[in-house]
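Novice: Sequence plus predicted model, see below.
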Amino acid sequence: MENYLPLLQSTSLFAGISAGELRPLLSELGACIRSYGRGEALVQAGAPSHRVGVVLTGSIEAYRPAPGGARIPITHMGPGGVFGDVLGGSSLDSPVTVVASAPCEVLLFPYEKLLQPDGSAARQRLLQNLVRTISDKYFLLSRRVDLLVMKTLRAKVCAYLLSEAEQQGSMTFTIPFSRIQLADYLNCDRSALSRELSLMQRDGLLDTYRSSFKLLEPEALRQMIL
């Protein structure tokens, strides 16, 4: 656990909590480390989920099962990603499945123990961080809805790529989805998506190879969203 303290302090959940405060806090939370193999489920859709987790190594992905066995991608997380913070406090079963997209280690603890304040500064900061983390995810969900209701595929592609560039702080970046997953994420046909990306590359708007992108004309892309 000691080796992961710097990573945990960098997460949205434990930000601002010193190592000296974090050690006993993790013990109070009943935190434990679990390992998962690629494809193994951490959370199953249709089942209750009352644990919060932090990805320590590897990566995970969340998706919503759809009719016909299709998967609607929700998110992808690497080390430092926090999951279960939105679902853990609900009385309803999880609407999403979370699986290891690569062999991973995660820190897990019961959601209910997050809500047991003891008056300490560390506990108060933890609760503040939890509220902020959930709020941030709400706005990300709102952004996803905005994306899905856009009328043209090009507008969806532009909005998504510009959002990724903003989050990663560079016009050259790699997205966490394959082309098939990206088509599912944007709720469009895979062939139509490939055709649109080819046209945008031909028009000098971007360069792309597999999951890597370089936005050549970001201002022009912004105008296509309007």
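Specialist: Alright, I've got the coordinates.

Novice: How about residues contacting stretch 13-26?
Specialist: 1-2, 5-6, 8-9, 52, 54, 82, 85, 107, 109, 120-123, 125-126, 129-130, 133 (CB atoms under 8 Å, 6 or more residues apart in numbering). In short, each C-beta sits where N, CA and C put it, glycine included.

Novice: Of these, which belong to strands?
Specialist: Counting by DSSP state E, the contacts of stretch 13-26 place 52, 54, 82, 107, 109 in strands.

Novice: Name the nearest of these relative to residue 144.
Specialist: The closest of the ones in strands among the contacts of stretch 13-26 to residue 144 turns out to be residue 82 (CB to CB; 17.6 Å).

Novice: That closest one contacts residue 56, correct?
Specialist: No: using CB atoms under 8 Å, residue 82 is not in contact with residue 56, being 11.5 Å away.

Novice: For residue 103, see how far away residue 80 is.
Specialist: 17 Å (CB to CB, to the nearest Å).

Novice: right, and the pair among the ones in strands among the contacts of stretch 13-26 with maximum separation?
Specialist: Of all pairs in the ones in strands among the contacts of stretch 13-26, the most separated under CB to CB is 82 and 109 at 11.5 Å.

Novice: okay, and the common contacts of these two?
Specialist: residue 52.

Novice: tell me the pLDDT at the closest residue to residue 79 other than its chain neighbours?
Specialist: Leaving out its chain neighbours, the residue that sits closest to residue 79 by CB to CB, 6 or more residues apart in numbering is residue 55, at 5.4 Å. Predicted confidence (pLDDT) for residue 55: 98.

Novice: Looks like residue 55 contacts residue 103 (just checking).
Specialist: No: counting by CB under 8 Å, residue 103 is not a contact partner of residue 55; they are 11.6 Å apart.

Novice: can you give me the helices for this protein?
Specialist: For the chain, helices defined by DSSP state H occupy the ranges 5-9, 19-28, 121-148, 153-168, 179-185, 190-202, 218-225.
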